[in-house]
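In: prediction below, plus the sequence it came from.
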Amino acid sequence: MFVLPPLPYDDDALAPFVSADTLRTHHGKHHKAYVDKTNALVGPAGLSGRPLEEVVRHAYGKGDKALFNNAAQAWNHAFFWACMRPPGGAAPTGALGISIRDSFGGLESLKAAFVDEGVTHFGSGWAWIVVGSDGLAVISTHDAEDTLIREGLFPILVCDLWEHAYYLDYKNDRKAFLERWFDNIANWDFAAAQLAASEGAGQAFSYPLPGAPSAGTDRPDAPRPTA
Ligand code: MN3
């Protein structure tokens, strides 16, 4: 059984950029439903006990849409929680800062590309910063799709573009959500750890293995420090 990983911060830690009401509903209702449905479907699919990343790829390869959608959404949301931190955190520095400068010219240009990608993305999905063959890039994916099923792309940071992520706080203003998200609660320490992991240093984000403890201080979804 997969657990619903606890949020790596309090419900109200991201306010006012993401309200406690939005975060509680998003995590406790939406994310929980994806985890519960995944748990109901992995057994019949013959995938009990396998890591979630394998379940996502296997379901996608087999065309098992119900399992893929729920398993990918379970993974995407756990990754998304790690991509945020309370306001006032550090801006990108070090290797991440250099990569942003090399690929985009600077943080403001990355922000413009990221916000534009998210605003012009039609319907539900996710806006990502990824590492590809040419350095950092911005992409979006539809519905539950993610980088686990994209060859050669490594996820650095993601923002949820589904209306449930922002509608209570921003109504239909996805642009304002993305701008404030990027400026205030994007977790650049996590992004830096993912970038290092993409180059073999430290551990990349992974979903808690099936059977992992559901509570405690371990917080397996939290960003891991790199060595
Ligand atoms: Mn969501």
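Out: Cool, got the structure. Numbering: from 1, shown residues only.
In: outline the domain layout of this protein.
Out: In the assignment given by automatic domain parsing, the structural domains of the chain cover 20-82, 94-198.
In: what's the closest of those domains to residue 4?
Out: Taking Cβ to Cβ, domain 20-82 is the member of the domains of the chain nearest to residue 4, at 4.8 Å. Just so you know, the C-beta spots here come from the backbone N, C-alpha and C atoms, and that holds for glycine as well.
In: got the contact list for the nearest residue to residue 94 once chain neighbours are set aside?
Out: Using Cβ to Cβ, 6 or more residues apart in numbering and skipping residues adjacent in sequence, the residue nearest residue 94 is residue 192, 6.4 Å away. For residue 192, the contact set (Cβ atoms under 8 Å, 6 or more residues apart in numbering) comprises 92-96, 226.
In: doesn't residue 121 make contact with residue 178?
Out: No - Residue 178 is beyond contact range of residue 121, at 10.1 Å (criterion: Cβ atoms under 8 Å).
In: ok, the longest helix seen in the chain near the ion or not?
Out: The residue-count maximum for a helix in the chain (DSSP state H) belongs to helix 65-82. No - using Cβ under 5 Å from the ion, helix 65-82 stays clear of the ion, with a minimum separation of 5.7 Å.
In: stretch 113-131 now?
Out: No - judged by Cβ under 5 Å from the ion, stretch 113-131 stays clear of the ion, getting no closer than 8.5 Å.
In: just put the domains of the chain in a markdown table and tack on mean pLDDT.
Out: Shown next, in a markdown table, are the domains of the chain (pLDDT from 0 to 100):
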| stretch | mean pLDDT |
| --- | --- |
| domain 20-82 | 98 |
| domain 94-198 | 97 |
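In: nearest to residue 213, out of the ones you listed?
Out: Here domain 20-82 is closest among the domains of the chain (Cβ to Cβ), at 14.7 Å.
In: and that closest one, how far out from the chain middle?
Out: 13 Å (Cα atoms, centre = their mean, to the nearest Å).
In: if we can go back for a sec, can you list the domains of the chain in CSV and add distance to residue 7?
Out: Formatted as CSV, those follow (distance: least, Cβ to Cβ, whole Å):
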stretch, distance to residue 7
domain 20-82, 6
domain 94-198, 13
